[in-house]
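**Q** the following comprises the amino acid sequence and a computationally predicted model.
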Amino acid sequence: MRAVRYHEHGDESVLTLETVDRPEPGPGEALVGIEAASVNPIDTYVREGNVRPPSGLPHVGGSDLAGVVESVGEGVTAVEPGDRVFATG
């Protein structure tokens, strides 16, 4: 799987396109194959270091997306593989 990540804070030059392991959804999570995503001002603030990334560095920015559920973790009942979904913030 490919992801645009950064390992340090800074301007757009810290962004790198990398191959990363495909995540497995944990309990209460869904894995979504992203078909569209956006970058919002908060993503810039996090990249610049003005807001702490929730999971630390390296970080994949962006939280607005649309796509198709590929798999679900334990306890997920609201969506199932094949469902079209969107997420914000």
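**A** Yep, it's here. Numbers count the residues shown, from 1 in each chain.
**Q** contacting residues around G75?
**A** P27, G28 (Cβ atoms under 8 Å, 6 or more residues apart in numbering). Any C-beta I mention is one placed from the backbone N, CA and C, and that applies to glycine too.
**Q** if we use 10 Å, what do you get?
**A** For G75, the contact set (Cβ atoms under 10 Å, 6 or more residues apart in numbering) comprises G26, P27, G28, E29.
**Q** before we move on, what about V32?
**A** 25, 65-72, 79, 83-87.
**Q** please name the nearest non-neighbouring residue to L57.
**A** With sequence-adjacent residues excluded and distances taken as Cβ to Cβ, 6 or more residues apart in numbering, L57 is closest to H7, at 5.7 Å.
**Q** what ranges do the helices span in the chain?
**A** Remark: helices assigned in the chain by DSSP state H are 41-48.
**Q** surely N50 and H9 touch.
**A** Yes - with contacts counted by Cβ atoms under 10 Å, N50 reaches H9, the gap being 8.5 Å.
**Q** tell me which of these two has more neighbours.
**A** Taking neighbours as other Cβ atoms under 10 Å, N50 and H9 compare with H9 leading, 15 against 10.
**Q** could you check how far that one is from L17?
**A** 18 Å (Cβ to Cβ, to the nearest Å).
**Q** again with P27
**A** Computed as Cβ to Cβ, the P27 to L17 distance reads 30 Å.
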